[in-house]
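Undergrad: I'll drop the sequence and a predicted model, then ask my questions.
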Amino acid sequence: MTPEEFTSLFRQTAPRVHAYAVRQVGGDSADDLVSETYAVAWRRRSQIPVPPLPWLLVVARNLASNHRRSRRRADQLWLSAVRDQWRPTSPPPDAEVLHRETALAALAVCTEAEREALLLTAWDGLTASEAARVAGCSTHAFTVRLARARTRFTAHVQGSDSSEAQTPRLTLLTTKDNS
């Protein structure tokens, strides 16, 4: 088959092959499938039977099947990778409830000024000097108040339950850099 004959074959059959491709893989991938079909036809131009359309549609069907298998494998690979890398980002809800109750009980044993110091630094994220301005005292007085609050809070939490579930809240309230 000469290049001119192949061009003529393409002009005669491409609209039908394209319509078939759209039905097989959708409009977004149809042009690629048609392109691949005619690339195979060019490589095998000496094997193209008469009439050529059924043969071209079989080539397109086989390429579409390969395309679907490749997508399915890629999707399975992606899902497998996501499953393997999945890590919960927060503790289970029941641990959070216990965690919250312990923190509230520890805050309840602190004085009002100590609670304010802890909450201004741990909850509101203020530095010691910023929190001192809010509390209406010097930075030195505030840091003493905060140290006492942390000591009382830690003692209560460790005295009530030193399980792993308590560690995150305790860390949040006791290790924040407030200088």
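TA: Yep, that arrived. Numbering: from 1, shown residues only.
Undergrad: So, low pLDDT: which residues of the chain?
TA: Applying pLDDT under 70 to the chain flags residues 82, 85-98, 160-179.
Undergrad: ranges for the helices of it?
TA: Along the chain, counting by DSSP state H, helices occupy 3-25, 27-43, 52-85, 93-109, 112-118, 128-135, 139-160, 167-174.
Undergrad: With mean neighbour count as extra columns, can I get those in CSV?
TA: All C-beta spots, glycine's among them, are computed from the backbone N, C-alpha and C. CSV is the format used below for the helices of the chain (neighbours: other Cβ atoms under 10 Å):
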stretch, mean neighbour count
helix 3-25, 15
helix 27-43, 16
helix 52-85, 13
helix 93-109, 14
helix 112-118, 19
helix 128-135, 18
helix 139-160, 17
helix 167-174, 16
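Undergrad: care to break this protein down by domain?
TA: What automatic domain parsing lists as the domains of the chain is 3-85, 93-174.
Undergrad: now the last one, how far from the centre of its chain.
TA: In other words, domain 93-174. Mean-position distance between domain 93-174 and its chain equals 32 Å (Cα atoms, centre = their mean, to the nearest Å).
Undergrad: What of the first one?
TA: A distance of 33 Å separates the C-alpha centroid of domain 3-85 from that of its chain, computed with Cα atoms, centre = their mean.
Undergrad: ok, A149 to V59 distance?
TA: Between A149 and V59 the distance is 77 Å, computed by Cβ to Cβ, to the nearest Å.
Undergrad: now swap in A122 and tell me
TA: Distance, A122 to V59, by Cβ to Cβ: 67 Å.
Undergrad: just A74 next, same as before
TA: Taking Cβ to Cβ as the measure, A74 falls 23 Å from V59.
Undergrad: for T13, same thing?
TA: Distance, T13 to V59, by Cβ to Cβ: 11 Å.
Undergrad: for E114, same thing?
TA: E114 is 79 Å from V59, by Cβ to Cβ.
Undergrad: Without its sequence neighbours, what residue ends up closest to E116?
TA: Spatial nearest neighbour of E116, chain neighbours left out: A135 (6.0 Å); criterion: Cβ to Cβ, 6 or more residues apart in numbering.
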